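Engineer: Here is a sequence together with a model predicted from it:
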Number of protein chains: 2
Amino acid sequence: MREKLDSYYSFVFEKELLDEIEQVGVYKKLRENELLVDLGDQMKGVPLLLNGAIKIVREDKKGEEILLYFLERGDTCASSFASAISNNKCGIRAIAEKESEIIFLPKEKLDEWLVKYKSWRNFVIDSYNIRLNEMMETIDTLAFMRMDERLYKYLTDKAQILRETSLNTTHQDIAYDLHTSRVVISRLLKQLENEGKIKLNRNKIEILEF
Amino acid sequence: MREKLDSYYSFVFEKELLDEIEQVGVYKKLRENELLVDLGDQMKGVPLLLNGAIKIVREDKKGEEILLYFLERGDTCASSFASAISNNKCGIRAIAEKESEIIFLPKEKLDEWLVKYKSWRNFVIDSYNIRLNEMMETIDTLAFMRMDERLYKYLTDKAQILRETSLNTTHQDIAYDLHTSRVVISRLLKQLENEGKIKLNRNKIEILEF
DNA sequence: TAACTTATGTAACAATAGTTACAAAGAGGC
DNA sequence: GCCTCTTTGTAACTATTGTTACATAAGTTA
């Protein structure tokens, strides 16, 4: 675990903090599609992502979903932080988009470290800022783009996060993430295929143009 | 200034911190519609809102706008904080929705206070959390609601923020905030009037039902 | 291979939102 | 009063998105 921690975070955290994280952090491996955080969870700590990709989804009262953004290596979940440190319920759902490794940091340490380590303060503030910016990008997408543009952005973004040029997914799954219907997605995908930007197969979408 | 500061923040901050704020904070009065932060600004500090209401607006490259949320007494602008502490450019625009008073805190103190004052840490973390939640609510609104619902929510939310039952505004201004066209707003307002929820006048909308 | 399940394609139609165009009402200045 | 500018009302049309319905294709299992 220390090795994996160092491989990314040794440039982010002070040595003493890395030592502490090694002592109190709980390593966990997530299988693809494993649920990490569910709506309404009361977090007992925050996850530090070592590698992989986590999908963050918002759900309203009526059970309608929409994708917010993805977490990558080096990210943490600001919503979890919020939930852990001020004992709120979490307003999102986090699902491993592929096999991922995380370290769980217990909430008791979060405030203590803010005092002790400048690198931790920077990390927390940066994480919040990154998340706010992601949210703004999501808002831009929802407010300013048409569904065909949103779809294409979704495909290329996801491919980049997963570091693959083709996605194994169904039209229905995409429809859930973009909060629309399968028929709409099929229609627009076919349009993108006709424009030569993608190639469609069953359970698989190849992206030809980024 | 100390009096106004105490009236709200004496329950939020420690005495020593209030003293420091009094020393280094810069008081400023904003006229209605005065611009506080513009897109791309590099903040030299963060504003602490004493009273009034600030509108936070997002703008994309093409100059298209959408309302994100309002700040009220006791709020600070998390985006400014982000911009100030990590020297980023600000991605939003902030405009006084009515006459407001603020205290500007210089960015040099922001990190120092995180170490010194637990109340400041809590305030900063809470501010970020509140802002993340506001963003999520905005996303819910955009993703899950139709324009007529968004419009009604906009009217009632704004009335509550301004503590008034009628709004002095034009259809065009509402259209800018909701990122749609004036004709659409006029149409839907008329519909709401027919449903008995509002009453329309020139430059004025009375809200009959909350 | 037949039966079944899941995924995709597509037409036809409905609902919502955006656009263009123009009329008319209200407010203020002269 | 008359003129002008701003604001609102509304019709007619287009574009986009959502829904229903059904056909067909591609895997899976018995």
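Structural biologist: Yes, it's here. Quick caveat, the model's predicted, so the values are computed rather than measured. Residues are numbered from 1 along each chain as shown, chains lettered A, B, ... in the order given.

Engineer: only C-alpha atoms for contact and neighbour calcs from this point on.
Structural biologist: Fine.

Engineer: which residues touch stretch A:15-27?
Structural biologist: The contact list for stretch A:15-27 (CA atoms under 8 Å, 6 or more residues apart in numbering or on different chains) reads A:1-2, A:5-6, A:9-10, A:101-106, A:117.

Engineer: next one: that stretch to chain centre, how far?
Structural biologist: 23 Å (CA atoms, centre = their mean, to the nearest Å).

Engineer: Which positions in that stretch come out as buried?
Structural biologist: By neighbour count with 16 or more other CA atoms under 10 Å in any protein chain shown, stretch A:15-27 contains the buried residues A:17-18, A:21-22, A:25-27.

Engineer: Identify the farthest-apart pair in those.
Structural biologist: Greatest spacing in the buried residues of stretch A:15-27, by CA to CA: A:Leu17 and A:Tyr27 (16.1 Å).

Engineer: Chain A against DNA strand D: which residues are in contact?
Structural biologist: Proximity of chain A to DNA strand D, by CA under 7 Å from any atom of the strand, involves residues A:145-148, A:179-181, A:183-184, A:202.

Engineer: Any chance of a markdown table for the contacts of stretch A:15-27, columns distance to A:Glu206, neighbour count and pLDDT?
Structural biologist: Listed next are these as a markdown table, based on distance: CA to CA, whole Å; neighbours: other CA atoms under 10 Å in any protein chain shown; pLDDT from 0 to 100:
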| residue | distance to A:Glu206 | neighbour count | pLDDT |
| --- | --- | --- | --- |
| A:Met1 | 35 | 15 | 81 |
| A:Arg2 | 37 | 14 | 90 |
| A:Leu5 | 33 | 20 | 94 |
| A:Asp6 | 35 | 15 | 95 |
| A:Tyr9 | 33 | 18 | 95 |
| A:Ser10 | 36 | 15 | 95 |
| A:Glu101 | 27 | 22 | 96 |
| A:Ile102 | 29 | 24 | 96 |
| A:Ile103 | 33 | 22 | 96 |
| A:Phe104 | 35 | 18 | 95 |
| A:Leu105 | 38 | 22 | 96 |
| A:Pro106 | 41 | 18 | 96 |
| A:Tyr117 | 45 | 16 | 95 |
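
Engineer: now the residues you listed in a markdown table, with distance to DNA strand C and secondary structure?
Structural biologist: Below are these laid out as a markdown table (distance: CA to the nearest atom of the strand, whole Å; DSSP: H, G, I helix; E, B strand; the rest coil):
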| residue | distance to DNA strand C | secondary structure |
| --- | --- | --- |
| A:Met1 | 36 | coil |
| A:Arg2 | 39 | helix |
| A:Leu5 | 36 | helix |
| A:Asp6 | 39 | helix |
| A:Tyr9 | 38 | helix |
| A:Ser10 | 41 | coil |
| A:Glu101 | 26 | strand |
| A:Ile102 | 28 | strand |
| A:Ile103 | 32 | strand |
| A:Phe104 | 32 | strand |
| A:Leu105 | 36 | strand |
| A:Pro106 | 38 | strand |
| A:Tyr117 | 47 | coil |
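
Engineer: follow-up on the earlier one: and the residues of chain A next to DNA strand D, which of them are buried?
Structural biologist: Buried, going by 16+ other CA under 10 Å: A:147-148, A:180, out of the residues of chain A next to DNA strand D.

Engineer: now, which of those residues lie close to chain B?
Structural biologist: Among those, not one lies near chain B by CA under 8 Å from any CA of the partner chain.

Engineer: Those residues in helices, which ones?
Structural biologist: Here DSSP state H is the test, and those give A:147-148 as lying in helices.

Engineer: Now, the buried residues of stretch A:15-27 that are in strands?
Structural biologist: A:26-27 (DSSP state E).
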